[in-house]
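Colleague: Can you look at this prediction? I've put the sequence above it.
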Amino acid sequence: MSQFKQLYKPLLASARWLAPADANIEGTEFGHWLLEPDSLSRRFERHCEQFTVSLVEQAPIGREQLTPDECALVGDKACLVRKVVLKGDGVPWVFARTLIPESTLTGQEQDLAQLGEMPLGFRVFTDQSARRDALEVANVGTEAEPIWARRSRLWINDKPLLVAELFLQEAPIYKETVPWK
């Protein structure tokens, strides 16, 4: 699994995040995937027989390891970083990196540190207070061969987390040609 960190973490780190309107993705064959407001994990479940998550890494990081824009989105605080690979029928579809501020890991939300290989979306989007904002997208590939990523802030009981998702080559986003409804 370290190959995922070595290959894909730098791609996320190099992303030039844009507002969806600035990336001109609305109405495209893949735009509806990047703009998905609900759980991406639940949506992926509908595209395979077996949806799984592989935990690549989970560790605390200091606020000095956050970028300025990450601090602007989740606060200038130490975080728990969680890196996972989402898979459909054993095929890697998404590399995801989540920042969970220590202040979010209090009260009911302290279980977020214990998810293991449970999809974050299954936990977050079962909570009625869950919402998504600050959605941004990036093409970290080329125009001819795009590799799409999205980043958004999730809220659960008014506590933030920041999720960045890199859609890998075999992900349904690149294969589905009819917009999903």
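Modeller: Perfect, thanks for sending it.
Colleague: Can you pull out the low-pLDDT segments for the chain?
Modeller: Across the chain, the ranges flagged by pLDDT under 70 are 1-5, 176-181.
Colleague: And the residue nearest to Thr106 when sequence neighbours are not counted, how far from Thr28?
Modeller: The shortest distance from Thr106 to any non-neighbouring residue, by CB to CB, 6 or more residues apart in numbering, is to Lys159 (7.7 Å). C-betas here are computed from N, CA, C, even on glycine. When distance is defined by CB to CB, to the nearest Å, Lys159 is 33 Å away from Thr28.
Colleague: ok, now Val53?
Modeller: Val53 sits 27 Å away from Thr28, going by CB to CB.
Colleague: Same check on Pro101?
Modeller: As defined by CB to CB, Pro101 lies at a distance of 33 Å from Thr28.
Colleague: Between those two, which is the more surrounded one?
Modeller: Legend: neighbour count by other CB atoms under 10 Å for Pro101 and Thr28, higher for Pro101 (22 against 13).
Colleague: give the contact list for the more buried one.
Modeller: If you count contacts by CB atoms under 8 Å, 6 or more residues apart in numbering, Pro101 has them with Val74, Gly75, Lys77, Ala78, Cys79, Lys159, Pro160, Leu161.
Colleague: Run through who's touching the helix or strand that contains Leu73.
Modeller: Using DSSP states H and E, Leu73 falls within helix 68-74. With CB under 8 Å, 6+ apart as the contact definition, helix 68-74 has outside contacts at Trp17, Arg63, Leu66, Leu99, Pro101, Thr104, Ala134, Arg153, Pro160, Leu161, Leu162.
Colleague: could you pull out the strands for this protein?
Modeller: Per DSSP state E, the chain carries strands over the ranges 51-61, 79-88, 91-101, 131-139, 148-156, 159-167.
Colleague: Would you format those strands as JSON lines with distance to Leu112 included?
Modeller: Below are the strands of the chain laid out as JSON lines (distance: least, CB to CB, whole Å):
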{"stretch": "strand 51-61", "distance to Leu112": "10"}
{"stretch": "strand 79-88", "distance to Leu112": "8"}
{"stretch": "strand 91-101", "distance to Leu112": "6"}
{"stretch": "strand 131-139", "distance to Leu112": "16"}
{"stretch": "strand 148-156", "distance to Leu112": "8"}
{"stretch": "strand 159-167", "distance to Leu112": "7"}
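Colleague: for these, which one sits closest to Arg123?
Modeller: Each of the strands of the chain was scored for nearness to Arg123 using CB to CB, and the closest is strand 148-156 (8.3 Å).
Colleague: Can you tell me which helices and strands the closest one packs against?
Modeller: Here strand 148-156 touches helix 31-34, strand 131-139, strand 159-167, going by 3 or more CB pairs under 8 Å, 6 or more residues apart in numbering; DSSP states H and E.
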